[in-house]
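In: Take a look and give me a structure for this.
(one chain, ligands or ions: 4)
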Amino acid sequence: AKEMGRNQFQFSSPYSKRRIKQKLYIEQGLKSALANNEFKLLYQPQISVGKSTEHRIEALIRWMHPTQGLVTPADFISIAEESGIIIDIGKWVLKSACEQISILRNAGIYTKISINVSPKQFKYSDLTEDVRSTLQEFKIDPSQLEIEVTESIFVEEMDDVIKQLEALRALGVSISLDDFGTGYSSLSYLKRLPLNILKIDRSFISELPNNKHSQTIVESIIRMAHQLSIQVIAEGVENQAQLDYLKKLDCDFVQGYLFSIPLETRELFTLYQSLSVQ
Ligand code: C2E
Ligand code: CA
Ligand code: CA
Ligand code: CA
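Out: Ligands and ions are numbered 1, 2, ... in the order given. Below you'll find the predicted structure:
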């Protein structure tokens, strides 16, 4: 085993060599991406299917690489996390989303924007202070910003993470738990978390309405969340049958290609204009 370990790189397939090269290439590129303004945010609407009249959208990052073209987060977020660059990218995301909130508001459009936050931002930066100062810089009503975290933040010091989430909530921003059902957390400690929103992972939604197993899971998540006064967003809603089923279960919001793919800002304006005409 020792020998194999030593020769591992030599024996690795061309595929994994290519992967390593690719990774180094991305890591190099990330260093200049912020300075060269290569990131942008797309915005995907989250549609109310219940009583709420709230408008909300999720910000999703894209990297316009000078030679590679469009790079999706799946291809660079984990590399950015390993190299630490995620901290500065996270700050850029926060700032850009707040700027967008203020641009929309100046156009008479009042919407909540949720941003995805990496566990590293909780561990290696003062997220609460960054959020506080950015809200102030753009004169944003804190209730217009939401922080999306995944269950993976709780691999870190649970008590510290809860403290930070509570500090964020004290500022007036809301917290949503993303990809629910795929991670490490157990239902029992949901009670301890200061949450406003729970997002049911796409893997459960994609099997609706016919898969009995997913039916049961989705139904119990919604019922349990509501008992804890937490609203529910279903992710990855792609067809009418899924939507009908989720409505029947009293789901609060849906997000997915059935309504809209993630949009460029100008498309977002077009969407809101068409909404206000009706
Ligand atoms: P996520 O937060 O779970 O975001 C949902 C992903 O599902 C997005 O992929 C979105 O484009 C995609 N999606 C939306 N509706 C549908 C649908 O109906 N069907 C299918 N098949 N997919 C749908 P995207 O934009 O590629 O983002 C992937 C992941 O990258 C995100 O998953 C999130 O974990 C991460 N990410 C995105 N933006 C950021 C960011 O600004 N910061 C950090 N730290 N992570 C981000
Ligand atoms: Ca998300
Ligand atoms: Ca998700
Ligand atoms: Ca995800």
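In: ok, now how distant is Asn36 from ligand 3?
Out: Asn36 sits 28 Å away from ligand 3 when distances are taken as Cβ to the ion, to the nearest Å. Using the backbone N, CA and C atoms, a C-beta is placed for each residue, glycine as well.
In: quick one: contacts for that residue?
Out: When contacts are counted by Cβ atoms under 8 Å, 6 or more residues apart in numbering, Asn36 touches Pro66.
In: and the spatially closest residue to Ser48 that is not a sequence neighbour, what does it touch?
Out: Distances taken as Cβ to Cβ, 6 or more residues apart in numbering place Phe253 nearest to Ser48, at 5.6 Å, with adjacent residues excluded. Phe253 is in contact with Gln46, Ile47, Ser48, Val49, Gly50, Ser52, Arg56, Gln231, Val232, Ile233, Ala234, counting by Cβ under 8 Å, 6+ apart.
In: Looks like the third one contacts Asp252 (just checking).
Out: Yes - the pair Ser48 and Asp252 qualifies as a contact (Cβ atoms under 8 Å) at a distance of 6.8 Å.
In: And those two? Which one has more around it.
Out: Applying other Cβ atoms under 10 Å to Ser48 and Asp252 shows that Asp252 carries more neighbours, namely 22 against 17.
In: Report how many residues lie close to Gly108.
Out: Gly108 is flanked by 8 other residues according to other Cβ under 10 Å.
In: Over to Glu27?
Out: Here the neighbour count serves as a burial measure; for Glu27 (other Cβ under 10 Å) it reads 15.
In: would you put the C-alpha positions of the helix or strand hosting it in CSV?
Out: Taking DSSP states H and E as the criterion, Glu27 maps to helix 14-33. The C-alpha atoms that make up helix 14-33 are tabulated as CSV, following Å, rounded to 0.1, in the frame of the first residue of the first chain:
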residue,chain,number,x,y,z
PRO,A,14,-4.6,10.8,-17.9
TYR,A,15,-8.1,11.7,-16.8
SER,A,16,-7.1,12.5,-13.3
LYS,A,17,-3.9,14.2,-14.4
ARG,A,18,-6.1,16.4,-16.6
ARG,A,19,-8.3,17.0,-13.5
ILE,A,20,-5.3,18.1,-11.5
LYS,A,21,-4.1,20.5,-14.2
GLN,A,22,-7.6,21.8,-14.6
LYS,A,23,-7.8,22.4,-10.9
LEU,A,24,-4.6,24.3,-10.8
TYR,A,25,-5.8,26.3,-13.8
ILE,A,26,-9.0,27.3,-12.1
GLU,A,27,-7.2,28.1,-8.8
GLN,A,28,-4.9,30.4,-10.7
GLY,A,29,-7.8,32.0,-12.6
LEU,A,30,-9.8,32.6,-9.4
LYS,A,31,-7.0,34.8,-8.1
SER,A,32,-7.5,37.4,-10.8
ALA,A,33,-11.2,36.9,-11.4
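In: Surely Gln44 is in a strand?
Out: Yes - if the criterion is DSSP: H, G, I helix; E, B strand; the rest coil, then Gln44 is within a strand.
In: what pairs with the residue nearest to Ser48 across the strands?
Out: With DSSP bridges as the criterion, the beta-bridge partners of Phe253 are Ser48, Ile233.
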